[in-house]
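Q: Structural data only, the sequence is not supplied:
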């Protein structure tokens, strides 16, 4: 580092410390802020500007950081600055996850789902499901258009193969309920909303939204591998935001006690496992300016697979609760007995 060089500005009251040739660092120090304002005043008056029109402390030739006007107008009050920054930050999942990207629009999804679940009749619920694009896409389109993005993903194809009930002999494609099996989420949700709003409400969350979250988690891993991407954090942020705004976080909190799960640090067990992993994944992506090493990509893949496993547990709880809800609620049937019953029927 070279010794501090004196700026020829404001009569030796500004100092610059320049780094060496190989250094990009440096700093400029204001030794006497009043001298700076005095120089500005001289410039304003010398150019014939009516200082009163500026409404500035320049007119006085002095300024104090403690001056109330400076604190309010120029943000020199540290406490006020911290409050402002804090209010602009966006936290989700009990304020434990802070998205790097702007995913605030996704929060509208909870309103869309609420409107579906509380609709006065089936036709209104179906209309909202099919056409409300408050989040940029309708929930119906999320399934139909989104299947092109899901077509190579393992979990999606597991559902397609498990649910198909026929094969189109003309092209060999799998069918479900006389429609392409790849449309299973839309088929089930659409049918449910036409006859039973509460069932359709659950279906859109555990089929449409849930699978899109899984897709976003997989996408996060793929983009982590692509070092040239500059926004590879967005898919993981979207997955976290969808878990909350898709009301699946809330669902897990409600279902957990029915299955004997307790609370860990203000969250039901499954949510705690999910949120901890989402935060860990975000830390991996952001720690090196969003450029992942091979090790980072491997660690993120492990984390997302674990996250999907815990999310699958919530999905299964939701399905069981939809069928055996009252028996679980009143303790007439345990979750273990239900699973055993399902296994017997399968065999």
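A: Sure thing, it's come through. Bear in mind the structure is a predicted one, so any value in this text is a computation, not a measurement. Numbers count the residues shown, from 1 in each chain.

Q: quick check: mean pLDDT across stretch 316-323?
A: Confidence over stretch 316-323 (mean pLDDT, whole number) is 82.

Q: Stretch 98-109 now?
A: For stretch 98-109, mean pLDDT rounds to 91.

Q: for the stretch 201-347 of the chain, what are the low-confidence residue spans?
A: 227-232, 288-290, 325-347 (pLDDT under 70).

Q: what ranges do the helices span in it?
A: Using DSSP state H, counting those that start in this stretch, the helices of the stretch 201-347 of the chain run over 210-225, 234-245, 248-255, 269-286, 294-329, 335-346.

Q: And the second one, what does it pack against?
A: So the one you mean is helix 234-245. Packed against helix 234-245 by the contact rule (3 or more C-beta pairs under 8 Å, 6 or more residues apart in numbering; DSSP states H and E) you find helix 109-117, helix 210-225, helix 269-286. All C-beta spots, glycine's among them, are computed from the backbone N, C-alpha and C.

Q: The third one now?
A: If you count contacts as 3+ C-beta pairs under 8 Å, 6+ apart, helix 248-255 packs onto strand 267-268, helix 269-286, helix 294-329.

Q: tally of neighbours for the closest residue to residue 237 other than its chain neighbours?
A: Nearest residue to residue 237, sequence neighbours excluded (C-beta to C-beta, 6 or more residues apart in numbering): residue 99, at 3.9 Å. The tally of other residues near residue 99 (other C-beta atoms under 10 Å) stands at 21.

Q: just residue 321 next, same as before
A: Neighbours around residue 321, by other C-beta under 10 Å: 22.

Q: number of nearby residues for the nearest residue to it once chain neighbours are set aside?
A: Distances taken as C-beta to C-beta, 6+ apart put residue 255 closest to residue 321, at 5.8 Å, once the chain neighbours are dropped. Under the neighbour criterion other C-beta under 10 Å, residue 255 is assigned a count of 21.

Q: please renumber so the chain begins at 59
A: New numbering, starting at 59: the last item is residue 313.

Q: Does residue 332 touch residue 367 like I think?
A: No: using C-beta atoms under 8 Å, residue 332 is not in contact with residue 367; the gap is 9.6 Å.

Q: what about these two, which has more around it?
A: Neighbour count, other C-beta under 10 Å: between residue 332 and residue 367, residue 332 has more, with 27 against 12.

Q: Against residue 177, how distant is the more buried one?
A: According to C-beta to C-beta, to the nearest Å, residue 332 and residue 177 sit 29 Å apart.

Q: Repeat that for residue 198.
A: Separation of residue 198 from residue 177 (C-beta to C-beta) stands at 15 Å.

Q: Show me this structure divided up by domain.
A: Domain segmentation of the chain under automatic domain parsing yields 63-135, 162-404.

Q: Might you list the low-confidence residue ranges for the stretch 109-258 of the chain?
A: 109-146.

Q: From residue 178, how far out is residue 186?
A: On the measure of C-beta to C-beta, residue 186 and residue 178 end up 11 Å apart.

Q: Check residue 261 too.
A: Noted for residue 261: a distance of 19 Å to residue 178, by C-beta to C-beta.

Q: Can you pick out the residue with more neighbours from these two?
A: Neighbours per residue, other C-beta under 10 Å: of residue 261 and residue 178, the larger number sits with residue 261, 24 against 8.

Q: Go ahead and confirm residue 245 touches residue 233.
A: No: the pair residue 245 / residue 233 is not scored as a contact, 10.1 Å apart, by C-beta under 8 Å.

Q: before we move on, the earlier item: how about the helices and strands packed on helix 292-303, which one is nearest residue 211?
A: helix 268-283 (5.5 Å; C-beta to C-beta).

Q: Residue 245 and residue 233 - which one has more neighbours?
A: residue 245 (19 against 16).

Q: What about residue 305, how many residues nearby?
A: A count of nearby residues for residue 305, using other C-beta under 10 Å, gives 21.

Q: List the residues that contact it.
A: Applying C-beta atoms under 8 Å, 6 or more residues apart in numbering, we find residue 305 in contact with 168, 171, 172, 263.

Q: The second one and residue 215, how far apart?
A: Right, the one you point to is residue 171. Using C-beta to C-beta, we find residue 171 at a distance of 26 Å from residue 215.

Q: what does the last one give?
A: Summarising the geometry, the distance separating residue 263 from residue 215, computed by C-beta to C-beta, is 21 Å.

Q: Next: the first one.
A: The span separating residue 168 from residue 215 equals 29 Å under the rule C-beta to C-beta.

Q: what does the third one give?
A: Residue 172 is 31 Å from residue 215, where distance means C-beta to C-beta.

Q: Out of the contacts of residue 305, which comes closest to residue 353?
A: The nearest member of the contacts of residue 305 to residue 353, counting by C-beta to C-beta, is residue 263 at 34.9 Å.

Q: The closest one contacts residue 379, correct?
A: No: the criterion here is C-beta under 8 Å, and residue 263 misses it with residue 379 at 11.9 Å.

Q: anything in contact with each of the two?
A: When C-beta under 8 Å, 6+ apart defines a contact, no residue borders residue 263 and residue 379 alike.

Q: For the closest residue to residue 268 other than its chain neighbours, grab the count of nearby residues.
A: Of all residues not flanking residue 268 in the chain, residue 373 sits nearest, at 5.7 Å (C-beta to C-beta, 6+ apart). For residue 373, the number of neighbouring residues by other C-beta under 10 Å comes to 20.
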